[in-house]
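Asker: Quick one, structure for this:
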Amino acid sequence: MTTHAWTGRDDLPPTVGLVATTLAVYWGIWHQPFVGDDWLRLYALETQGWAAVPAAINGLFFRPAAELYLWAAHHLFGLNPALYHLLALALHAVNGLLVVSVLQRLTHAAWLAWGTGYLYVAASTVHLEPLGWIVGIYELGSVLFLLLAVRWFIVGRVALSAVAYFVALLFKESVLLLPGVLLVWRLETRSRRLSMLNPHLLVMLGYLGWRVARVLEGTAPSPFALDSEHPYAVSLWGPHLVDNATTYAGWALQAFLPWSITGRFTPLIAVAALAVGVVFLTRQRRQVTRSLPTLGTWVLVMFGPLLTLPNHAFRYYLSPALPAILALGVWVAGVLWARRETGPRLEILIPLLVFAIASSLSHAQRTHRVIGPPWLADGTSHLFDRGRTVLAAEAELRQWRSRWLAGSNLVFSGVDVWAFGRDAGPRIWLDDPTLEVFDARYVERRDGGLVAVGQPETLAAQTMAEQAGAGQPEDNHHRALDPERTVFLDAGDLGL
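Answerer: Residues are numbered from 1 along each chain as shown. Alright, predicted model coming up:
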C-alpha cells in the first residue's frame with residue numbers, strides 16, 4: 001500500500017470512495033432492461049449460438065473482442081440484464097482506478113490523478129449510455145485496454161502494452177491513434193528509445209492493412225464510400241467539423257458539471273479556462289506541466305476523428321478522450337489555487353469535486369425518471385425512455401404467449417419499435433421466430449386488406465430515410481399481411 005499526497009494516507013480509502021461513487025451515481029441501471037441493439041445481438045446469440053460471433057463482424061465494423069464478450073456474457077447470464085449491468089459497473093470502476101494509476105505515473109501528482117479518477121467515474125452525461133445497454137461494451141472494453149496499454153507502456157512493459165492496444169482496437173476502432181500519445185510521452189521524457197513504439201506501430205499498420213484488405217475484397221464497405229446521409233459516413237472537410245467541435249466541447253464541459261450552461265458560448269468558455277490555466281502555469285510544479293503535451297495529444301487524437309462524422313454524434317463517443325479532458329480540467333482548477341510550496345489547496349479542490357460529483361449523481365437519477373432538462377438529452381439514444389417502452393411491451397406480450405398463433409404480425413402505432421430491436425424482442429418473448437413487427441407508419445389498408453409498404457430493414461436505413469425526408473427508402477418493398485393474423489397495438493395499450 002502506497003502513500004500519496006492526496007490524503008496523506010494509503011490508497012484504500014480513496015479506492016473505496018471511488019467504487020462507492022460509481023455505485024451511488026449509477027445504481028438506477030439495475031432496473032434497466034435490454035434496449036435497442038441489445039435485442040438484435042441477443043436474438044442472434046439465442047438462435048445461432050457461437051455462429052453469431054463471426055456473423056457479427058462481417059460488415060462495416062470489425063469488433064471481434066466485443067462480440068466474444070457478448071457471447072461469453074450471454075453464455076453466463078442468459079437474459080438477465082441485471083447481471084450484465086453488474087459486470088459493466090465493475091469494469092467502469094476498474095477503468096476509473098486505471099485512470100488514477102495512469103495519471104499518477106504521467107504526472108506524479110496524486111491530487112490530480114485521484115481528482116480526475118473521481119470525476120471520470122461520475123461523468124454520467126458520458127457514461128450513462130455505455131452502462132445502460134450491453135452493447136456499451138464497445139466503449140467500456142476499448143477504454144479498459146486503452147488505459148492498460150498506456151499504463152504498461154509507461155512502466156516499460158512494451159509487449160504487454162502492444163497486446164492491450166491490439167485488444168482495444170478489437171473492441172472499437174476509435175483508439176487507433178493511440179501511438180501518437182505514446183510518442184509524445186517518449187519525447188517529453190527526452191528518451192531516444194523511440195523504438196519502443198515499433199510494436200504499436202506494427203499493430204496499427206497491421207490493423208489498417210486488414211481493414212483495407214476487407215474493403216478491397218468487398219467483404220466490408222469503406223466509410224468514405226457510404227451514402228452521404230449514412231450515419232457512419234466519413235467526410236474530412238465541411239461545416240460539420242466546426243459544428244461537431246462546438247457540440248463535443250459543450251458535452252465535454254457538461255461532463256464536469258451536467259447542469260452547467262453551455263451552447264453558443266462553449267468555445268469561449270473552453271478557451272478562457274485554458275488561458276487562465278496557462279497564465280498560472282508557472283505556479284504549478286514542473287512535473288505536472290511537463291505532462292501537458294501528452295494530455296493535450298491524448299485529447300486531440302481521440303477527439304479529432306469524431307469531428308469527421310457529419311451525421312452521427314453521441315456524448316459517449318467522448319469516452320476514450322475523457323480521462324485527458326478531465327485531467328486538464330482538474331489541472332486548471334489546481335493551478336488556480338496552487339501554492340508554490342505545497343501544491344493545490346485541497347480544501348478548495350475537494351468541495352469542487354464533491355459539487356461536480358453531486359451534480360452528476362443528480363443528473364443520473366433525474367435521467368432515470370425522464371425529468372432531466374432537454375439540453376442534456378441531445379447526443380443520447382434516450383436509452384432509459386426506450387427502456388420503459390421495452391418493459392411495457394414485454395409485460396403486455398408475455399401475457400399472450402400461451403395463446404399466440406405462430407406466424408402472426410404485430411403492428412405498433414406511436415411506439416418506437418427499435419426500442420426492442422423491432423422483431424428481435426417480441427420473437428424472444430413469444431418464442432416465435434416467424435413473428436414480424438411493423439411500424440404503423442408503413443402499413444396501409446388497400447382493397448380491404450393490409451399491406452406493409454417500404455418498411456426499413458434497419459434503424460440506420462430508417463434514419464437515412466427520415467433525414468432525407470423520404471416517405472419510403474430506396475429498398476422499398478410491398479408485403480401483404482393477413483388481417484386475421486395481424487394485431488394492432490398503440491402506446492395506450494402498453495400504458496405509455
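
Asker: For the rest of this, base every contact and every neighbour count on C-alpha atoms.
Answerer: Fine.

Asker: Over to stretch 433-445 now: how far is its first residue from its last?
Answerer: 26 Å (CA to CA, to the nearest Å).

Asker: ok so residue 479 is a strand residue?
Answerer: Yes - under DSSP: H, G, I helix; E, B strand; the rest coil, residue 479 falls within a strand.

Asker: Now do the closest residue to it other than its chain neighbours against residue 438, distance only.
Answerer: Leaving aside its chain neighbours, residue 479 sits nearest to residue 452 (5.1 Å; criterion: CA to CA, 6 or more residues apart in numbering). Distance of residue 452 to residue 438, given as CA to CA: 8 Å.

Asker: With residue 309 instead?
Answerer: Taken as CA to CA, the span from residue 309 to residue 438 is 30 Å.

Asker: So which residues of this protein form strands?
Answerer: For the chain, applying DSSP state E gives strands covering 338-339, 343-344, 409-413, 436-439, 443-446, 449-453, 478-481, 486-490.

Asker: What is the burial count for residue 72?
Answerer: Residues lying near residue 72 (other CA atoms under 10 Å) number 13.

Asker: can you pull the pLDDT of residue 363?
Answerer: Looking at residue 363, its pLDDT is 58.

Asker: Repeat that for residue 349.
Answerer: For residue 349, the pLDDT comes out at 59.

Asker: before we move on, what about the one 4 residues further on?
Answerer: Reading off the confidence values, residue 353 has pLDDT 64.

Asker: And the one 4 residues further on, by the same measure?
Answerer: On pLDDT, residue 357 comes in at 66.

Asker: on that earlier part again, which residues does the residue nearest to residue 479 contact?
Answerer: Listed by CA atoms under 8 Å, 6 or more residues apart in numbering, the contact set of residue 452 reads 438, 442-444, 477-481.

Asker: any idea how far the spatially closest residue to residue 56 that is not a sequence neighbour lies from residue 42?
Answerer: Excluding the flanking residues, the one nearest residue 56 by CA to CA, 6+ apart is residue 67, at 7.2 Å. Separation of residue 67 from residue 42 (CA to CA) stands at 11 Å.

Asker: How about residue 50?
Answerer: Residue 50 sits 12 Å away from residue 42, going by CA to CA.

Asker: The two: which has the busier surroundings?
Answerer: Neighbours per residue, other CA under 10 Å: of residue 50 and residue 42, the larger number sits with residue 42, 24 against 16.

Asker: Apart from its neighbours in sequence, what residue is nearest that one?
Answerer: What sits nearest to residue 42 in space, not counting adjacent residues and going by CA to CA, 6+ apart, is residue 74, at 7.5 Å.

Asker: what about the one you found, how many neighbours?
Answerer: Neighbour number of residue 74 under other CA under 10 Å is 20.

Asker: which stretches of the stretch 301-450 of the chain have low pLDDT?
Answerer: Within the stretch 301-450 of the chain, the segments meeting pLDDT under 70 span 335-377.

Asker: Run through the helices of it in chain order.
Answerer: Under the criterion DSSP state H, counting those that start in this stretch, the stretch 301-450 of the chain carries helices at the ranges 322-336, 346-368, 383-398, 424-430.

Asker: just the stretch 101-250 of the chain next, same as before
Answerer: Using DSSP H, counting those that start in this stretch, helices in the stretch 101-250 of the chain cover 110-122, 124-132, 137-154, 158-171, 178-188, 198-217, 240-256.

Asker: Out of these, which one sits most buried?
Answerer: Highest mean neighbour count among these (mean count of other CA atoms under 10 Å): helix 110-122, with a mean of 27.

Asker: Distance from the chain centre to it, please.
Answerer: Helix 110-122 sits 19 Å away from the centroid of its parent chain (CA atoms, centre = their mean, to the nearest Å).

Asker: tell me the angle that helix makes with helix 124-132.
Answerer: 60 degrees (axes from the mean of the first three to the mean of the last three CA atoms, to 10 degrees).

Asker: So which elements touch helix 110-122?
Answerer: Contacts defined by 3 or more CA pairs under 8 Å, 6 or more residues apart in numbering; DSSP states H and E place helix 110-122 against helix 12-26, helix 81-107, helix 322-336, helix 346-368.

Asker: let's go with 10 Å and repeat that
Answerer: When contacts are defined as 3 or more CA pairs under 10 Å, 6 or more residues apart in numbering; DSSP states H and E, helix 110-122 sits against helix 12-26, helix 81-107, helix 124-132, helix 240-256, helix 322-336, strand 343-344, helix 346-368.

Asker: Tell me which of the ones you listed sits most buried.
Answerer: Of all these, as judged by average neighbours under mean count of other CA under 10 Å, the leader is helix 124-132 with a mean of 25.

Asker: if I read this right, residue 207 contacts residue 173, doesn't it?
Answerer: Yes - Residue 207 is in contact with residue 173 according to CA atoms under 10 Å; the separation is 9.3 Å.

Asker: Quickly list what's touching both of these two.
Answerer: residue 166 (CA atoms under 10 Å, 6 or more residues apart in numbering).

Asker: Endpoints of stretch 131-138, how far apart?
Answerer: 11 Å.

Asker: and stretch 160-170, average pLDDT?
Answerer: 97.

Asker: What separation do you get for residue 447 and residue 480?
Answerer: In terms of CA to CA, residue 447 sits 11 Å off from residue 480.

Asker: Between these two, tell me which one has more neighbours.
Answerer: residue 480 (14 against 7).

Asker: Next up, the contacts around the more buried one.
Answerer: For residue 480, the contacting residues are 443-446, 449-453, by CA under 10 Å, 6+ apart.

Asker: Now the buried members of those residues.
Answerer: With burial judged by 16 or more other CA atoms under 10 Å, the buried subset of these is 443, 450-453.

Asker: Widest-spaced pair of those residues?
Answerer: Farthest-apart pair in the buried ones among the contacts of residue 480 is 450 and 453; separation 9.6 Å (CA to CA).

Asker: what ranges of the stretch 151-300 of the chain fall below the confidence cut-off?
Answerer: Residues of the stretch 151-300 of the chain that meet the cut-off, pLDDT under 70, sit at 191-192, 258-289.

Asker: Residue 309: neighbour count?
Answerer: Neighbours of residue 309 using other CA under 10 Å come to 19.

Asker: what do you get for residue 488?
Answerer: By other CA under 10 Å, 14 other residues sit near residue 488.

Asker: Distance check, it against residue 168.
Answerer: Distance from residue 488 to residue 168, by CA to CA: 44 Å.
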